[in-house]
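In: sharing a model prediction with you, sequence too.
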Amino acid sequence: MKAKGKSLAENIADDLLARITIDKEYALGDKLPNENKLSADLQVSRTTLREAIRILVMHNVLEIRRGKGTYVKNNQEPNKGIDLNGLSDLPLDVKDLYEMRLIFEPQSAYYAAKRASDKELERILYYGRLEEEMILKKEDRTEAEQAFHKSIAKATHNEFMNRLMPILYQAIDKGVILSNTREKIVQNTLNDHRMIMEFLSVRDALGAKTAMELHIIHAMRGFGITEE
């Protein structure tokens, strides 16, 4: 299934963007594989790939260097259209971070369940399982949890959410790092993520929303944050 209302090229552009921002497969300044290799990897025609690249060039994510190839831009402007640059520099405390997550992430889970493409759902579940494996092995799961939540946010296919992502990512990243020091929060995360994944896997939007809300509330209580 592809995202509702999107062309194949737009879905491929979304996949490439996720490989850059979530999977970290390509870093800023990296050159993408050549057209033949990348189109084969994505299982699309070169024509579709070129259109997807054009979309990302228009959004200032990629740049084509004549005679050299296609590169991930070093000077991306993810907030273009909505001025959030000042917000990203604000010194947010734990309460602020988790209240922001409580406002946005349950609804993100709701729309992700409804709108995620099969590829996006696969990515969400992959990172959820990877994090579970790392928790059970008592390994650092920071990057896996960040990717899990970021994958859900991206799968909403909401343009404002796309613009808000850099700020939401800040909240997610700091929250995950802080929770690493609290064993009870880590165990709650394991149980909560299983529940979120279960609802997402069957595209139960209300269930996913409720599970995400409970997950964030559990974390807030673990930090002693009261819901006022």
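Out: Arrived safely, thanks for sending. Residues are numbered from 1 along each chain as shown.

In: what helix or strand is the residue lying farthest from the centre of the chain located in?
Out: Most distant residue from the mean C-alpha position of the chain: Gly67, 32.5 Å away (CA atoms, centre = their mean). In this structure, Gly67 sits in neither a helix nor a strand according to DSSP states H and E.

In: Thr181 versus that one, what's the distance?
Out: For Gly67, the distance to Thr181 (CB to CB, to the nearest Å) stands at 50 Å. Backbone N, C-alpha and C define where each C-beta goes, glycine included.

In: likewise Tyr98?
Out: 15 Å.

In: out of the two, which sits in the busier spot?
Out: Tyr98 (26 against 8; other CB atoms under 10 Å).

In: so who does the more buried one touch?
Out: 171, 175, 216, 219-220, 223, 225 (CB atoms under 8 Å, 6 or more residues apart in numbering).

In: which stretches in this protein count as helices?
Out: 8-21, 35-42, 46-58, 85-88, 94-115, 118-136, 142-154, 159-179, 183-201, 205-222 (DSSP state H).

In: give me the mean pLDDT for the first one.
Out: Here helix 8-21 scores 90 as its mean pLDDT.

In: specify the angle between that helix and helix 118-136 in degrees.
Out: 20 degrees (axes from the mean of the first three to the mean of the last three CA atoms, to 10 degrees).

In: report the angle between helix 8-21 and helix 159-179.
Out: Interaxial angle, helix 8-21 versus helix 159-179 (the same axes, to 10 degrees): 20 degrees.
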